[in-house]
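> Structure of the sequence below:
(one chain, ligands or ions: 2)
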Amino acid sequence: MNCLEFRRAKLADPRRLSAEALAHAEGCPTCAAFAAEVDETERALDQALQTPVPDGLADRILFESTRPRRAWRVWALAASLLISVALGFFLGGAFRAGPDAYARLAIEHVVMEPESLTTVRNADAEAFRAALQDFGGTLKEMPGKIRYIRLCPVEDGMGWHIVFDTPHGLATLILVPGKKLARPERASTGGWNALARPVRGGYYAIVTASPETTTRFERMLRDCIVWST
Ligand SMILES: [Zn+2]
Ligand SMILES: [Zn+2]
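Ligands and ions are numbered 1, 2, ... in the order given. Modelled structure (predicted):
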């Protein structure tokens, strides 16, 4: 089982992992941390749903107290629905090789790591410059303001996951080493759009909320980065 398969399994059924999955988490700190985050969210959710309202108090603040509880339930439902829709969509066909397989994989990566779009983490331009160099890219100028950089599990190893704040909205760039793509790929699914393009050291994938934003961000990338061939 690789890291991506582990993440899928953990999100699909957080409380019942196969022996294979448990063994993977034992030997993989990244996935163990991911599992701990999911468990923590589950616990917080459980607590929020089960916190009883004290007698008497309930009558007086019924309105105030039911509102947040209901909000939690709706949120929980929406979240589980979203995850199952996302997983259903992606896993329904498992990983299909196809003309857009790697672009779809990039969208799946973003969907499975929603915190990448809501948190600021290691927003360090030098880390980005160094990561690019491994891929044969030289940075002339930043293609936006970096807000998130993380080394993430990708198909067969680790890749860089970077999120930029651009004038047209958030744009995710994933650098995947090693893998050779025959041609650029595009995919749209679940409100996301992705483009995967081969470069010297592997391929990069851009994920944004619309085809227009993807195209614009790629134009910015071309202006800001010189790729050696
Ligand atoms: Zn792992
Ligand atoms: Zn990632």
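> now R15, nearest residue through space, not along the chain?
Once flanking residues are discounted, R15 sits nearest to E42: 7.6 Å by C-beta to C-beta, 6 or more residues apart in numbering. To be clear about C-beta, it is placed using only N, CA and C from the backbone, and glycine gets the same treatment.
> and that neighbour, what helix or strand is that in?
For E42, the host element (DSSP states H and E) is helix 29-50.
> before we move on, the earlier item: ok, how many other residues are close to the residue nearest to R15?
E42 has 13 neighbours, counted by other C-beta atoms under 10 Å.
> Next to ligand 1, which bits of the protein? Give me the list.
C3, C28, C31 (C-beta under 5 Å from the ion).
> okay if I get those residues as a markdown table plus neighbour count?
Below are the residues of the chain next to ligand 1 laid out as a markdown table (neighbours: other C-beta atoms under 10 Å):
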| residue | neighbour count |
| --- | --- |
| C3 | 20 |
| C28 | 17 |
| C31 | 23 |
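> The residue nearest to R15 and P14 touch, don't they?
Yes: between E42 and P14 there is a contact under C-beta atoms under 8 Å: 5.6 Å.
> where do the contact lists of those two overlap?
When C-beta atoms under 8 Å, 6 or more residues apart in numbering defines a contact, no residue borders E42 and P14 alike.
> burial count for L117?
Neighbours of L117 (other C-beta under 10 Å): 14.
> Now the residue lying closest to it once chain neighbours are set aside. Its backbone dihedrals?
In space, and not counting its chain neighbours, L117 is closest to L170: 5.8 Å by C-beta to C-beta, 6+ apart. Main-chain dihedrals, L170, degrees, to the nearest 10: phi -70, psi 140.
> quick one: L170 and V163 touch, right?
Yes: if you go by C-beta under 8 Å, L170 and V163 touch, sitting 5.9 Å apart.
> Which one of these two is surrounded by more residues?
V163 (27 against 20).
> Settle this for me: the more buried one is touching G144, isn't it.
No: in this structure, V163 is not within contact of G144 by C-beta under 8 Å, at 9.1 Å.
> what sits in contact with each of those two?
Common neighbours of V163 and G144 (C-beta under 8 Å, 6+ apart) are A171.
> And F164, which helix or strand is it part of?
Going by DSSP H and E, F164 is part of strand 157-166.
> avg pLDDT for that strand?
Strand 157-166 shows a mean pLDDT of 90 in the predicted model.
> Going by neighbour count, which residues in it are buried?
Across strand 157-166, burial judged by 16 or more other C-beta atoms under 10 Å covers G159, W160, H161, I162, V163, F164, T166.
> who are the neighbours in contact with I206?
Going by C-beta under 8 Å, 6+ apart, I206 touches A106, A171, T172, L173, A194, L195, A196, T214, F217, E218, L221.
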